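> Attaching a predicted model along with its sequence, questions to come.
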Amino acid sequence: VLPEPNLALHLRREMLKLESSLHGDKSWGNAETYVTIGDLWLLLDSDESTSNARAAFQSALEIYELNKDRTSELQIIALKTRLARLAVEETKDQEYDNGEAEAEEPNEEPKSENQSGEKCDSVDNRLPAEVLGAMEAMDAAMSNASHGALELLLLKATMLSINGDAVRKLGTMDRALNCHSEALKIRKDVLGEFDSSFASSLCDLGLDKDKKNETSDAINYYSLSLEAYRRGLGEMHSSTARVYKLLGTAYKPEKSLDKAISYLQKSVEIMRAVDEKDVGDISATLMEIDKTYNQQGELQLAEGEVVSIEEDVWDFFDLSVRTPLGWQNFVMVKSALQKASVWCPISSYRSRMPMPSHQRLM
């Protein structure tokens, strides 16, 4: 028996075969099945998930565009927006350079060609094609907002957020801030301050400021985002945990290490309560705590925390090795613990706790 969502994915593929045999590969009925298959690939979270999801969404988009008489413009834009999001997630993050990255003014019209007909290196020319395609479709729809104006406005906010994420990765921070600020305004006006997307936009602005090394402003936005998430989703939610972690890492450059450790520990506490399967994030945050104690240089306090960290590692170790990247996650945490032995030898705290059968791996 296939586990979910593998079983669901298998059944949807069988539906595709049946629909294609009856009405052809490009029948409109296959479009929604392809969208569902894309969603299921993302739930699987394997190495090939993103590429397979993109392929499924692209197949659905081709069918939508071949059957425009049966497909709303909103459906097409929404799918293009999802493809743009996946493309941005795969875009390589570039360092922010205050002198070079901001060379192109955010409001300046990009030049696509020079006098020789060669492409110029503008920000738009470096954006993923899926982002440009979604932006063009959005602009065309906004010029004729006689249908679903409110839904279209929210899709615009989503596209602005995606565009902001893309240009942040390209190091063009003023443009990123403009996109995320406009998305925030739309979401606040339409959905209010209790919606999670409003909190997400505040977090986006914090990430922009963080990348510009404007730490104080970043902390302010993260704090506002945390308040909004707690209002809308509650304390025990993965999004709330993420912002606690961002706050923790942001306080480190400010030398507020007690606050940093407190927020990072809160993040781990929530993650372990709401999604213990997310071993990668838990591992990374535990290592961030380890580094912060090391930075603080308080050896006795650090010694006690390393014991706590190892106990946490063993707690979720069995679960970790069953995930696709489980062994890699465990090796990373083990490495951090061994580095910590500079001021707290492993043998000194092994003797304090009964070691499980996994100790041979150490």
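Okay, I see it.
> use CA for all of it now, contacts and neighbours both
Fine.
> what residue ranges in the stretch 151-300 of the chain are flagged as low confidence?
276-280, 293-300 (pLDDT under 70).
> List of residues touching the helix or strand containing Ile37?
Here Ile37 sits within helix 29-44, counting by DSSP states H and E. Contacts to helix 29-44, defined as CA atoms under 8 Å, 6 or more residues apart in numbering, come from residues 5-6, 8-9, 12-13, 15-16, 19-20, 49-50, 52-57, 59-61, 63-64.
> What lies in contact with the following helix or strand past it?
Sequence-wise, the next helix or strand downstream of helix 29-44 (DSSP H and E) is helix 49-66. Outside of helix 49-66, the residues within contact range by CA under 8 Å, 6+ apart are 26-28, 30-35, 37-42, 70-71, 76, 79-80, 83, 86.
> Tell me the helix or strand right after helix 49-66.
The first helix or strand that comes after helix 49-66 along the chain, using DSSP H and E, is helix 73-89.
> Just the CA atoms of that next one, as PDB, please.
Extracted in PDB, the C-alpha atoms of helix 73-89 (Å, rounded to 0.1, in the frame of the first residue of the first chain):
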ATOM      1  CA  GLU A  73      -8.200  34.800 -16.900                       C
ATOM      2  CA  LEU A  74      -7.800  34.600 -13.100                       C
ATOM      3  CA  GLN A  75      -7.100  30.800 -13.400                       C
ATOM      4  CA  ILE A  76      -4.300  31.400 -15.900                       C
ATOM      5  CA  ILE A  77      -2.800  34.300 -13.800                       C
ATOM      6  CA  ALA A  78      -3.000  32.200 -10.600                       C
ATOM      7  CA  LEU A  79      -1.100  29.300 -12.200                       C
ATOM      8  CA  LYS A  80       1.500  31.600 -13.800                       C
ATOM      9  CA  THR A  81       2.000  33.100 -10.300                       C
ATOM     10  CA  ARG A  82       2.600  29.700  -8.800                       C
ATOM     11  CA  LEU A  83       5.200  28.900 -11.500                       C
ATOM     12  CA  ALA A  84       6.900  32.200 -10.800                       C
ATOM     13  CA  ARG A  85       7.100  31.300  -7.100                       C
ATOM     14  CA  LEU A  86       8.800  28.000  -7.800                       C
ATOM     15  CA  ALA A  87      11.200  29.700 -10.300                       C
ATOM     16  CA  VAL A  88      12.200  32.200  -7.600                       C
ATOM     17  CA  GLU A  89      12.800  29.500  -5.000                       C
END
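> tell me which residues in that helix are buried?
Using 16 or more other CA atoms under 10 Å as the test for burial, helix 73-89 gives 73-74, 76-88.
> could you say what helices and strands that helix packs with?
Packing contacts for helix 73-89, counted by 3 or more CA pairs under 8 Å, 6 or more residues apart in numbering; DSSP states H and E, involve helix 49-66, helix 129-142, helix 149-169.
> any idea how far Leu160 is from Thr71?
In this view, Leu160 and Thr71 are 24 Å apart by CA to CA, to the nearest Å.
> ah, wrong one, I meant Asp45
Asp45 is 29 Å from Thr71, by CA to CA.
> Equivalent analysis for Lys212, please.
For Lys212 relative to Thr71 (CA to CA), the value is 42 Å.
> The two: which is more packed in?
A direct count of neighbours by other CA atoms under 10 Å for Lys212 and Thr71 places Lys212 higher, at 20 against 14.
> from memory that one sits against Met173, does it?
Yes. Between Lys212 and Met173 there is a contact under CA atoms under 8 Å: 7.0 Å.
> Give the burial count for the residue lying closest to Met142 once chain neighbours are set aside, as a bare number.
Leaving out its chain neighbours, the residue that sits closest to Met142 by CA to CA, 6 or more residues apart in numbering is Leu152, at 7.5 Å. For Leu152, the count of nearby residues is 19 (other CA under 10 Å).
> just use 222 as the starting number from now, easier for me
Sounds good: first residue 222 from here, last item Leu373.
> My guess is Leu373 contacts Ala361. True?
No. With contacts counted by CA under 8 Å, Leu373 stays clear of Ala361, the gap being 11.2 Å.
> how about the buried residues of helix 294-310, which pair is most distant?
Greatest spacing in the buried residues of helix 294-310, by CA to CA: Glu294 and Val309 (22.5 Å).
> hmm, back to that, buried ones among the contacts of helix 270-287?
Buried subset of those (neighbour count, 16+ other CA under 10 Å): 247-249, 251-256, 258-263, 297, 300-301, 304, 307.
> the inter-axis angle of the helix holding Ile258 versus helix 270-287?
Going by axes from the mean of the first three to the mean of the last three CA atoms, to 10 degrees, helix 250-265 is angled at 160 degrees with respect to helix 270-287.
> quick one: contacts for Glu435?
Counting by CA under 8 Å, 6+ apart, Glu435 touches no other residue.
> what's the answer for the one 3 residues further on, then?
Under the criterion of CA under 8 Å, 6+ apart, the contact partners of Asp438 comprise 427, 430-431.
> looking at those, which has the most residues close by?
Gly427 (30 neighbours).
> Excluding residues flanking it in the chain, which one is nearest it?
Closest residue to Gly427 apart from its sequence neighbours, by CA to CA, 6+ apart: Ala439 at 4.2 Å.
> separation between that neighbour and Asp431?
Per CA to CA, Ala439 is found 5 Å from Asp431.
> Pro349 too?
23 Å.
> Check Met363 too.
32 Å.
> Remind me which helix or strand Arg396 belongs to.
Judged by DSSP H and E, Arg396 forms part of helix 394-412.
> any idea of the angle that helix forms with helix 370-390?
160 degrees.
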